[in-house]
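Enquirer: Got a predicted structure here, sequence first:
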Amino acid sequence: MRLLPEEWTASWSALRAMGGLTAGVGFSVRHLVAFAVPLTVGVWVGWHVAPAFMSAQRENTLFALLAGVIALGSLLAGFMVTLMLFTGRIEQASALTLEELQAYTQRIKFLLSSQAQTLFAAVLSATFAIVWLCFFALGFDATAQRIVGGVCFGFTAVALLRSILVPLQIYEVHEAALDDAVEDRIKQEQAKYRRD
């Protein structure tokens with residue numbers, strides 16, 4: 001008898017599969033640094049900016065800022081989900097050779113993993129903005145609000161930085177599909193001239 005629902009165990013399997021896409025320790029270290037640097041910079045900025053918003057005179061400014069962060073996180077999350085649905089499709093897979101299909105599939109899995117990381121950062125950014133609003137409304141001490149504000153800014157920085165990569169990822173997917181289409185057309189044309 002299983003204690004966890006199927007969607008949880010399937011999600012855990014998907015996370016393990018995404019972790020299996022790494023190509024060694026160097027790959028993991030580079031991705032950890034690429035995540036940790038913007039997170040750290042964002043946390044530092046949030047830690048120093050948060051006190052300016054915690055006074056009663058700046059209440060409306062804090063609410064406007066956090067509403068913007070929540071809206072941005074929600075917008076990015078929706079966009080990432082849609083992008084992931086379209087990125088995962090391989091058109092005319094039967095026309096590809098086994099080697100082309102394996103290479104293309106590996107690249108698509110990597111892009112989906114990258115997009116999932118952006119999605120998680122966007123959702124966590126919005127989540128910590130909501131937590132910060134709750135902390136403010138409940139009158140938590142300044143240190144707790146600064147910590148949550150810093151984490152909110154940190155995940156917002158990660159989400160924004162990773163979002164800059166999205167147009168390049170979209171280009172990469174289309175470039176691969178277009179290159180395969182051109183290569184197939186070349187093969188068809190060569191076969192046609194050989195028959196003549």
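Expert: That came through, no problem.
Enquirer: biggest helix in this protein, by residue count?
Expert: helix 142-195 (DSSP state H).
Enquirer: Assign the residue sitting nearest the centre point of the chain to helix, strand or coil.
Expert: The residue lying closest to the centre of the chain (C-alpha atoms, centre = their mean) is Thr118, at 1.4 Å. Three-state call for Thr118 (DSSP: H, G, I helix; E, B strand; the rest coil): helix.
Enquirer: just checking, it touches Leu160?
Expert: No - look at Thr118 against Leu160 with C-beta atoms under 8 Å: they stay out of range, at 9.6 Å. C-beta coordinates here come from the backbone N, C-alpha and C atoms, glycine included.
Enquirer: quick revisit: now the longest helix of the chain: average pLDDT?
Expert: Helix 142-195 shows a mean pLDDT of 85.
Enquirer: For stretch 71-90, buried residues please.
Expert: In terms of neighbour count (16 or more other C-beta atoms under 10 Å), stretch 71-90 has its buried residues at 72-73, 76-77, 79-80, 83-84, 87, 90.
Enquirer: Check stretch 139-154 too.
Expert: For stretch 139-154, burial by neighbour count (16+ other C-beta under 10 Å) applies to 140, 145-154.
Enquirer: low-scoring stretches of the protein, by residue?
Expert: Along the chain, segments meeting pLDDT under 70 span 1-2, 4, 7-27, 56, 92-93, 95, 196.
Enquirer: how does it look with 90?
Expert: Along the chain, segments meeting pLDDT under 90 span 1-35, 49-66, 79-117, 136-137, 139, 142, 165-196.
Enquirer: on that earlier part again, with distance to Leu3 added, can I get the buried residues of stretch 139-154 in CSV?
Expert: Below are the buried residues of stretch 139-154 laid out as CSV (distance: C-beta to C-beta, whole Å):
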residue, distance to Leu3
Phe140, 34
Gln145, 36
Arg146, 38
Ile147, 33
Val148, 31
Gly149, 36
Gly150, 35
Val151, 30
Cys152, 33
Phe153, 37
Gly154, 33
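Enquirer: Quick check: the farthest pair among those?
Expert: Phe140 and Gly154 (18.5 Å; C-beta to C-beta).
Enquirer: Among the buried residues of stretch 71-90, name the ones in helices.
Expert: Using DSSP H, the members of the buried residues of stretch 71-90 that fall in helices are 72-73, 76-77, 79-80, 83-84, 87.
Enquirer: so which pair among those residues is furthest apart in space?
Expert: For those, the farthest-apart pair by C-beta to C-beta is Leu72 and Thr87; their separation is 21.2 Å.
Enquirer: what about the closest residue to Glu172 other than its chain neighbours, neighbour count?
Expert: Using C-beta to C-beta, 6 or more residues apart in numbering and skipping residues adjacent in sequence, the residue nearest Glu172 is Leu111, 7.1 Å away. Per other C-beta atoms under 10 Å, the neighbour tally for Leu111 reads 21.
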